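**Student:** From the sequence below, what's the structure:
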Amino acid sequence: MKRDRYDNPLSTTSDAARDHYVAATDLLLAGQPGISDGFQSAIDNDPDFVLAHVGLARGLQYEGKPQAAKDAIAAARKAKGSLTEREASHVAAFDLLVAGNTTEAYPAIRAHVDQYPRDALLAQTCSSVFGLIGFSGKPGREAETLACNAMLLPHYGEDWWCLSQYAFALCETGNLNEADIYIDRSLARNPRNANGAHVRSHIYYETGDIELGVSYLTDWLGPYDRSGYMHGHLSWHAALWALEQGDTQTIWHRLETDILPDVSQSLPINVLTDAASLLFRAELAGVNVPQARWKEVSAYALEFFPKTGIGFIDIHAALAHAMAGDGDALMRIITSPNPSTGDVVTPLAEAFHALAQQKWPEATSLMISAMGDHARLGGSRAQRDLLEFALLAALLKQGKDGEAKHLLALRRPALVGTQAVHGLAMH
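**Tutor:** Next up, the predicted model:
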C-alpha cells in the first residue's frame, strides 16, 4: 500500500496518483497555488482514489468554490476505491465540514486527529486562528488552539508545517520568544511556506520590528504567485507596516493591486476583512478614503455574506456597511447576529454606526462594552487591533489624549510611537 509524506496508508495502487496527492497536500499546507490541479492530477491517474477527491474538495474550498467542493465530496462518496479505517473516518469528517455542518464536524475531526494525529489535512482545520477552534466563538479559544498544536507537535518532529502552526499559536498567546524559535526552525525547512511567512510577519508585528518586517515580507512576496491563497493577506500585512510608517503611497498601491475586491484572488473572508480593516485603519491614521471604496467593500459583503454567521466576518461587514452608509444592511447584523458571538457583534456594529456618524461618546461606550472578550470573534490579535484603534480614535476625538495614550501603552505597547492612529504618535 502506498503512503503519504506523513506515513499514512493510501488506498491507491498508482505511484503517480500518490505522488500528485502528496505534492498537492504540501501545496495546501504551504499556501501555494495549484492545489486543486494537483489533486485533480491524482484523480486522473486513479479515478477511484477516494482521498484525492476529498483533497480536491478541500482545495476548492480554498479557491472559494463551495458548490464545486460539495460536488467533489459527492464524487468521493461514489468512488469505488477501498478505504482503510482512517480513510473512512477522514472522508466522513470532511463530508461534514464541506457541508457546512461545523457543529458536528469539529468533534468528529478532533476525535479523528486524536487517533490519527499525523493526518495533516484534517489537523490543519483546527490548527490556526482561521480554523474550527479559531471561529468557534468560545472563550479561551486561543489557549485551546495552543493546546491542540502542542498535542500535535510530538507526532511531527521537525515537520515545517506543524512547527509553523505551533509558532502561530505561541505568538497569539504572547509567547513571542518561543514563537520566534519555532518559526525559524519551520522556515529553515521550507522557506516558501506562505503560512510560515505569515507567522513570521505576525511575530514581527507583535514585537514592533517594523523595518525587519517590511524587509522580510517585501522580499518574500516578490516571487509569490498572486493566485496563492495567502497573497492578499500577506499584502495586508505589508500595507499595515506602510501605514505605521506613514507611507500613504504604498498603502494605496497594496490596496489597489492586491487587496480590494476587484483585484484580490483571496478567499472572500480575506477579501472582506482585509479590505475593510485596512481602509478603516487608514482613515484612523489620517488617510483620506473615498466613499466609493467603502461602497465597493459594502457591496462585496452583501454579495458574499448576506447573512450573519462567523463573528469575525460580521464585524467587518458591519464596519463596511456603516462607513458606506448602508443602514439597512447594518441593521440586519445588529438585530440578527449569530447567537454564539452576538453579545460582542451587536455593540461593535452599533459602535461602528456611531463612529460613522461622529457620535464619539456613544461609540466609546459601545466599544468599551465589547472590548473585554473580543478574542471570541476570531482572527488574530493583529486583525483585532482595528477595534483597539477605533476606541483610541473615539477617545482622541473627545480630547481625551492622555487616556488614549495610556490605553495604547497598556494594551498594545509595541505600537507606541507608530503612526497607526492620527494624533497618537508617541516618541
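**Student:** what's near enough to touch the closest residue to His202 other than its chain neighbours?
**Tutor:** Nearest residue to His202 in three dimensions, chain neighbours excluded: Cys171, at 5.2 Å (C-beta to C-beta, 6 or more residues apart in numbering). In this view, the C-beta of every residue, glycine as well, is placed from N, C-alpha and C. Contacts for Cys171 (C-beta atoms under 8 Å, 6 or more residues apart in numbering) come out as Ala179, Val199, His202, Ile203, Glu206.
**Student:** let's go with 6 Å and repeat that
**Tutor:** By C-beta atoms under 6 Å, 6 or more residues apart in numbering, the residues touching Cys171 are Ala179, His202, Ile203.
**Student:** And the first one, how far from His374?
**Tutor:** Taking C-beta to C-beta, to the nearest Å as the measure, Ala179 and His374 are separated by 21 Å.
**Student:** which one of these two has more residues nearby?
**Tutor:** Neighbours of Ala179 and His374, each counted by other C-beta atoms under 10 Å, are more numerous for Ala179; the result is 24 against 21.
**Student:** can you tell me how far the more buried one sits from Ala76?
**Tutor:** For Ala179, the distance to Ala76 (C-beta to C-beta) stands at 36 Å.
**Student:** same thing with Ala169?
**Tutor:** In terms of C-beta to C-beta, Ala169 sits 30 Å off from Ala76.
**Student:** out of these two, which sits in the more crowded spot?
**Tutor:** More neighbours surround Ala169 than the other of Ala169 and Ala76, with 28 against 25 (other C-beta under 10 Å).
**Student:** Correct me if wrong: that one contacts Glu144.
**Tutor:** No: between Ala169 and Glu144 there is no contact under C-beta atoms under 6 Å: 9.5 Å.
**Student:** helix or strand for the residue nearest to Gly309 when sequence neighbours are not counted, which one?
**Tutor:** Leaving out its chain neighbours, the residue that sits closest to Gly309 by C-beta to C-beta, 6+ apart is Asn338, at 5.6 Å. Here Asn338, judged by DSSP states H and E, is contained in no helix and no strand.
**Student:** same thing with Leu395?
**Tutor:** Assigned by DSSP H and E, Leu395 falls in helix 381-397.
**Student:** Tell me which helix or strand comes right after that helix.
**Tutor:** In the C-terminal direction from helix 381-397 (assignment by DSSP H and E), the next one is helix 401-411.
**Student:** So which bits of that following helix are buried?
**Tutor:** Buried residues in helix 401-411, counted by 16 or more other C-beta atoms under 10 Å: Ala404, Lys405, Leu407, Leu408.
**Student:** just stretch 185-203 next, same as before
**Tutor:** 185-187, 190, 193-203.
**Student:** Export that stretch to CSV, keeping only CA atoms.
**Tutor:** Provided in CSV are the C-alpha atoms of stretch 185-203 (Å, rounded to 0.1, in the frame of the first residue of the first chain):
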residue,chain,number,x,y,z
ARG,A,185,13.0,26.1,12.5
SER,A,186,10.0,25.9,10.2
LEU,A,187,11.2,28.3,7.6
ALA,A,188,14.7,26.7,7.6
ARG,A,189,12.9,23.6,6.3
ASN,A,190,10.6,25.3,3.9
PRO,A,191,11.2,29.0,3.3
ARG,A,192,8.5,29.1,0.7
ASN,A,193,5.7,28.2,3.1
ALA,A,194,3.3,31.1,2.8
ASN,A,195,1.7,30.2,6.1
GLY,A,196,5.2,30.3,7.7
ALA,A,197,5.9,33.7,6.2
HIS,A,198,2.5,34.8,7.6
VAL,A,199,3.6,33.6,11.1
ARG,A,200,6.9,35.4,10.8
SER,A,201,5.1,38.6,9.8
HIS,A,202,2.8,38.3,12.9
ILE,A,203,5.8,37.9,15.2
